[in-house]
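> sequence-free structure coming up:
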């Protein structure tokens, strides 16, 4: 059996760029990125535990709560951007 050793030197520039973009997004929009990560983990776990009812329902609950948090953060971001700024004279 051949073992494949993955090192940082074998990555291409596009993979480094995607990783850097994810880090920047995680730093700038922490709440939204955590929600997206929770949804991705929930979907991945749903694919693994699809045959059993209770884990599937718990994973759907996880996905729904993460989606709700994501919409909450998106709405809060949208409303804070639209408020007019008042300047003191």
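Alright, I've got the coordinates. Keep in mind the model is a prediction, meaning the values are calculated, not measured.
> buried set for the host helix or strand of residue 54?
Using DSSP states H and E, residue 54 sits in helix 53-82. For helix 53-82, the neighbour count (16 or more other CB atoms under 10 Å) marks 59, 62-63, 66, 69-70, 73 as buried. (Glycine included, C-beta is placed from N, CA and C.)
> again, but for stretch 20-27
For stretch 20-27, a neighbour-count test (16+ other CB under 10 Å) marks nothing as buried.
> Show me how far that stretch is from its chain's centre.
Computed by CA atoms, centre = their mean, to the nearest Å, the chain-centroid distance of stretch 20-27 equals 11 Å.
> what's the average pLDDT for it?
Stretch 20-27 shows a mean pLDDT of 85 in the predicted model.
> Show me what that stretch is in contact with.
With contacts defined as CB atoms under 8 Å, 6 or more residues apart in numbering, stretch 20-27 is touched by residue 33.
> Quick check: closest non-adjacent residue to the residue positioned nearest the centre of the chain.
In the chain, the centroid-proximal residue (CA atoms, centre = their mean) is residue 36; its distance is 2.3 Å. Of all residues not flanking residue 36 in the chain, residue 70 sits nearest, at 6.7 Å (CB to CB, 6 or more residues apart in numbering).
> Okay then, goodbye and thanks.
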